[in-house]
Structures are given as C-alpha cells and as structure tokens.
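Engineer: Attaching a predicted model along with its sequence, questions to come.
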Amino acid sequence: MMRFLLSILAALALAFPALAKGTGLIFVSLERGNQVVVLNPDLSVMKKIDTSRRPRDMRFNADRTRLYVACGDDDVIDVIDVATLEVVDSIPTGPSPEIFVFSPDETQIFVSNEEDSTMEMIDVATKTVTDRVATGAEPEGVINSVDGKYIFVTSEVADMVHVVDRAKSAVIKNIIVGTRPRRFVVTPDGAELWVSDELSSEVHVIDLAAMEVKQVLTLVPPGFQPEDVTPVGMAITRDGSKVLITLGRANHLAIVDAKTFEVLKYVLVGSRAWDVDLTSDEKTAFVANGLSDDITVIDMATMAPVQSLPVGRTPHSIRVDD
Amino acid sequence: MRWALLLAVLAGPALGDELKIGHLSLTEDPRYVQDWGYARLIAPPPVITADAARMAVEDLRFTTDAVGLTVTLDAQAVAAEDLLATAQGMAAAGDAVLVLDLPGSDVAAVAQALKDQPVLLVNATAPEDSLRTACHANIIHSGPSLRQETDAFAQYLRAMNWENVLILQGENPADADLADAFVASVERLRLTVVDRRPFTLAADPQSREGNNIKLLTADADYDVVFVADTRGEFARYVPYATLLPRPVIGSVGLTAGAWHWALERDGATQVSSRFDKLTGRKMQPADWDVWIAVKSLISAAVKSPGATPPELRAFLTSEKLKLDGSKGVTLNYRPWDGQMRQPVLLATSEAVIAIAPIEGFSHQTNRLDTLGTDEAEFVCN
C-alpha cells in the first residue's frame, strides 16, 4: 500500500519535479548499533545517524520528507528529517515496538508491541495512543488493506493473522496460518495478502475477498532441509508480478512468480537474511543480513547477487529513497 | 478490554471442545532442594513449573478461543507417598493429558500405574535415557534426554578440537548415568576419554585421592574436564582448581540445557520476559520443558480437534506438528522414542556460548537427530 502510494507520488514527482524527489539514499537500521546508516547511491557511507536504542522497522511518510524508525528498547518511534539526516522528533509507543505502518491517510500509526501483545493505534498529530487492540502473543507484522478498512497483524505465538477493523478498533476475524508468522505484503490489486511463516518454511497466501487461505508455498532451496529455512521479509514489485522473500537462516532470497507461485530463483545472500527492499526502477534489490552484519545487492535482471557490503551491527530493515 | 474483544472473536461457531491438562509435581522434589542446588548457576528460588504450564495456556488463549477449545489446567503438587493415588484421581477426573515434573523413577511408576487409562503422559523434566528405551506406549518426553545433552557437549568438543577428556564422576547413580551418556556421545564422535575418576565429598585425609581436586586432575594429559555431579556440591569448586589450566564442562562451567535466560534470538527474550513478569523469577530449563510440553499439547489439540490420547500422541510424533519453542527451529517429537527433537544450549552463567546441533554436523533427514539416540541405533529395553 505504502509502495502504491509512493508510486503515485513518484508519478506526481515526475509531473511536478519540485514536489518530491528521491534522494537516492539507502537507509539501514542497525538493531545492535543503535544507528541508522545512510548510504549514497554508489553505496559509500554518507552518514551514521544515532537513534534511540534498538532501531528496527522504518517507514517514510508519503512525501518522503521524514523517515520513522521504531526503536524497541526505548519504546519510541524516532523521526528522522530526510533533508538534514537528523533525528528531529520521537513518538512514544508501548513496550518494544517492532513493525509499524501508517494509515493510508497518514493520520495514524499502527504498531505491534511484542512485549505486551497489543497493536497500538497512535494519532500522528498529537503523538498519543488512541486505541489498543489485544492480539495473540508476540505480534509482529502490520499492514493495511489497500482500501484502508482493515489492518492485518500476525501473532508469532498464536500462529494466526488477526484482521482488525480500523473503524471499530477490534479484531473481527482470525486466520490460522503456518508456524511463527512474521511479515506481510499485499498485492497491488488488493486481492491477496502474503504471510511469511518463519518456522514452517512456508508462505501463506490469503484471498482477501474471502479472508481465507488460498495457497501455501513451501520454500526449500536445493540442498537445504526444511527446518533450516526461515522465511521473514518480503517485498512485491509494483506490477504485482514478483514477490521477493528472504529465507533467514537458509541465507537465500526466493524470487517468486506471484501469479503461478513458482520459485523463479533462489539467490545466495548473507547470514540470517531478513528485510528486503527494491529501488523504484526495480532494477536492484537490497537484503539486510542480520547475522553477517552486511547487506547484499541483487541485480533483478539476472537475479544474481552483485555485491555484499558491511554496514554495522545487526542490520534489521532497509529502505531506499529514490 | 481484552475480554471484550475475545468475546467478539468467539461469536463464530464453537467446536465445543475441551482439553483438560493435569500438571503433577512433588511438594519436595529432591532435584529442586536448595541445598543441592550449588551448581545451578544462579541459585534459583524453588522451581514451581506449574507457573510455566499456566503461561503456556495464557500464551495460546487467543488461538484456543478462536477455535472454541476450552483448556483447563489442573495443577497438583503432592507428597511422594500420595503420588500414584493422585495420578489415578486426576485420570479419573477426566484429565486427558498429564504433564509430569517428577524424578525419573516416579515418572516410570506413574506410567506403569496409568498404562490402562486413556491418558497421555508427558515427561517434562526427567532426563534419563532409560525412560526413553522403556518404550511406555502412553508417554512422550518434552525436556532433553541426557544423551541429547551429552551429544551437544561432544559436538562442541569436536568443533573446538578438544579431543582428550578427563571425567570426574560423583557417587550418585544419576552421576553414573550422566557419565555413561557422555562416554557414549564421546565414542560416537571418536573423542578420547583419558580417564574416568570417582570423586567423593568425604573430607578425611585418607580419601584425598578422591576429594583433592589437584590430585584428581594430576597424572593425566587432557584438553577439558567433564564433571558428572548432578547435585553440584562438588562441581562448583572444580573450575580454576584443576592441576592443568583447562576448561571445565558438564555439571558446572559450560553446562547443557533446554533453556537459558540469556538466549536472545528467535523470540527467546519475549518468552523469558513474559515468564519473569508472571513469576518474578528467571525461567529455568525445567520451566521451559513444562511450557513447551503444554504448548505442544494445546497446539496438537487445536489442529486435531476431538482427538483421543493415542491420536494426540500420533499427531505429536508426526511431521504435522510444527512447534515453535523460541529456539529458532521447528520442533516435534520423534516417533521411535517419543523424545522432542530440539536444539540444546551450551551456556555459562552469563551467556549462551553455543547452540547444538553445532554448525557442520549434518544428518540425512533432520539435523536435530544428531542429538540423542537416533532411529537406527534405538532399541527398546
């Protein structure tokens, strides 16, 4: 959804160049480094921004003037000014925020607090919590439906996806998926929700019209046993044709045809590959490798790794501003 | 707040199912007696694993409510002489599964006493391999076996190239069991036992060959000392006291276990801090053993509604169970001995040093089967 909005804005930016222009910078949050590393488009380090402790998920606002960073050990979302690359504000959250999204209208933040099993709804303008929705233990992935009516949250312990009605601030349905569900993507047409199941080596695809599981993909690169494969991070191309799925301990990225559910390629990356993001031209993908302290750069045309780059302690999330 | 939301969720069709889980322990379990807890790294307050059972029920409440499964926990701590009568009573009262936090001999007695009852037993905390090879049809084992733990040590020694081991063994039968398991592990990986020496707590000078640590560790060349002392009273004095400057493992120093509060990957921190919040103490390996036992039972009941105890056992010992124990790998129970496959942590008092299976140890079907008695070598006694 965010990406969809960004693409609209990117289109607007073409029409009105002054309105919004990507800096081309690449941001990597370092969970143990308490920093966000900023890389130039040529991958040289431009700046290391000190943040609150344990920075994890990151999101741009729609016009990409601000980068928001969930900091798990200080219970805040830090706000980085993209122009000055300084932390300019922070928004208090519940304990241990990990993954969050903005509502499509950007008035609210929805954040999972893994320590107290809630999804908080935070009013961006006033920086106050307006509602808390109880979830199963260890909630993680959070995403909007394309129409903004629903928020989906995974519970890693309950093995389910909670469907939260935004207007009612309440769970209206639970969908049982694989073991330890982590992250999401929604297809650009709004029809499907993909969920990565870290401990069952699977991805569940949910039909959002029926709110039911329609497909289960098992991802096992050649030479691996299923228990070594731990899918976590995902990204989807703007045309909805390909989904990129990091396989954690299996040290590979799976590139999957989103229509046929076939794996097109397993790409070798670093150790405990988690987050993945694409450049806006979708020629390059970046993978953050949590246990080898580096990122892997992947050429999407050949679906091959082209470079690995050390970035600092325990990279968690990666976002490209272009 | 939470309850209101849960009610909304419950509006769907309920299966009307019920799972009654019993938890049975001793009021005075010799394994948890404070005086014998010397080797335990941070002397724990009395371990009451019923807390861990409660936490597992709470952890999965969202799931059980969503499918309309009512889970009740019937926790009983009894004197040793009332054990069998209580177990019979719990079975008669309709507990479909009993999670046992009991010494090995009591586990065997309960298994025998309930062998004709429709009850599935989970041995959570007794590590004896003899309980596995006894092949009771009504029992599975959630905590690691001695052999799983000693295989973890052996893999670590092999990986570190510490090939020659001196074993110091105490006088309790459990110490001999531990040393025997370690020797079997060491032989499988072709490490060398330099010597196996008995120690004694007797302090008289005539026993000095057995009570003086310098003498006990003299006249041998070894890379590492393995202490088999399940009560720990002797073990705690061994590190830094050996004649040769060598690391000490086993019952002290680097120890093996199912869980450690310092484990911080794979959601382990969240499990430990939930436990801390619930009980005000650090989660011990025995707590994890019980927590995962209850979690596995509820997960199986959710995915195979209405199952009888034998059907539940069949599900738990199949690939269909994909259980998350916050140790980074899917867990289930082995069909041949009912033992839970799981990583074993090698840790000091402060940190998890290694997690077995150690990188490089491979297996034809499941790497977790490099720990414990594998199918091909398993024989029922």
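Structural biologist: Nice, I can see it.
Engineer: residue contacts, residue 237?
Structural biologist: Using chain A here. A:243, A:258, A:278, A:282 (CB atoms under 8 Å, 6 or more residues apart in numbering or on different chains). (C-beta placed from N, C-alpha, C; glycine too.)
Engineer: other chain: chain B
Structural biologist: Here residue B:237 is in contact with residue B:213 (CB under 8 Å, 6+ apart).
Engineer: returning to what we had before: which of the contacts of residue A:237 are buried?
Structural biologist: A:243, A:258, A:278 (16 or more other CB atoms under 10 Å in any protein chain shown).
Engineer: What ranges does chain B have for its helices?
Structural biologist: B:2-10, B:50-59, B:61-67, B:83-92, B:104-113, B:129-133, B:146-160, B:173-188, B:208-211, B:213-216, B:268-279, B:285-303, B:309-316 (DSSP state H).
Engineer: And those helices: which comes nearest residue A:161?
Structural biologist: helix B:61-67 (10.9 Å; CB to CB).
Engineer: Excluding chain neighbours, what is closest to residue A:23?
Structural biologist: residue A:321 (5.0 Å; CB to CB, 6 or more residues apart in numbering or on different chains).
Engineer: count of residues packed around that neighbour?
Structural biologist: For residue A:321, the count of nearby residues is 19 (other CB atoms under 10 Å in any protein chain shown).
Engineer: quick one: it and residue A:38 touch, right?
Structural biologist: No. In this structure residue A:321 lies outside contact range of residue A:38 using CB atoms under 8 Å: 9.2 Å.
Engineer: if I look at the two, which residues touch both of them?
Structural biologist: A:25-27.
Engineer: Redo those residues as TSV? Include secondary structure, distance to chain B and pLDDT.
Structural biologist: Formatted as TSV, these follow (DSSP: H, G, I helix; E, B strand; the rest coil; distance: CB to the nearest CB, whole Å; pLDDT from 0 to 100):
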residue	secondary structure	distance to chain B	pLDDT
A:25	strand	30	95
A:26	strand	26	97
A:27	strand	24	97
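Engineer: which one of those residues is nearest residue A:124?
Structural biologist: For the shared contacts of residue A:321 and residue A:38, the nearest to residue A:124 is residue A:27 (19.7 Å; CB to CB).
Engineer: residues contacting the closest one?
Structural biologist: Counted by CB under 8 Å, 6+ apart, residue A:27 has contacts A:36-39, A:58, A:67, A:318-321.
Engineer: What about these, which one has the most neighbours?
Structural biologist: Going by other CB under 10 Å, residue A:36 tops the contacts of residue A:27 with 27 neighbours.
Engineer: Please identify the helix or strand for that one.
Structural biologist: Assigned by DSSP states H and E, residue A:36 belongs to strand A:35-39.
Engineer: continuing past that strand, what's the next helix or strand?
Structural biologist: Beyond strand A:35-39 toward the C-terminal end (DSSP H and E), the next one is strand A:45-50.
Engineer: helices and strands around that next one, which ones?
Structural biologist: For strand A:45-50, the packing partners by 3 or more CB pairs under 8 Å, 6 or more residues apart in numbering or on different chains; DSSP states H and E come out as strand A:35-39, strand A:86-92.
Engineer: Minimum distance to residue B:329: which of those strands has it?
Structural biologist: strand A:35-39 (30.5 Å).
Engineer: What mean pLDDT does that closest one get?
Structural biologist: Mean pLDDT, computed over strand A:35-39, is 97.
Engineer: For stretch A:36-55, which residues meet the burial criterion?
Structural biologist: Buried-residue list, stretch A:36-55, by 16+ other CB under 10 Å: A:36-39, A:41, A:46, A:48-49, A:51-52, A:54-55.
Engineer: Between the residues you listed, which sits nearest residue A:303?
Structural biologist: When the buried residues of stretch A:36-55 are compared against residue A:303 (criterion: CB to CB), the nearest one is residue A:41, at 21.2 Å.
Engineer: any idea how far the closest residue to that closest one other than its chain neighbours lies from residue A:39?
Structural biologist: Nearest non-adjacent residue to residue A:41, counting by CB to CB, 6+ apart: residue A:24, 4.0 Å away. To residue A:39, residue A:24 is 10 Å away according to CB to CB, to the nearest Å.
Engineer: still on that earlier bit, export the shared contacts of residue A:321 and residue A:38 to a markdown table and append columns for distance to residue A:251.
Structural biologist: Listed next are those as a markdown table, based on distance: CB to CB, whole Å:
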| residue | distance to residue A:251 |
| --- | --- |
| A:25 | 27 |
| A:26 | 21 |
| A:27 | 23 |
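Engineer: Once you drop chain neighbours, what's closest to residue B:252?
Structural biologist: residue B:235 (3.9 Å).
Engineer: thinking residue A:287 is in contact with residue A:254, fair?
Structural biologist: No. In this structure, residue A:287 is not within contact of residue A:254 by CB under 8 Å, at 11.2 Å.
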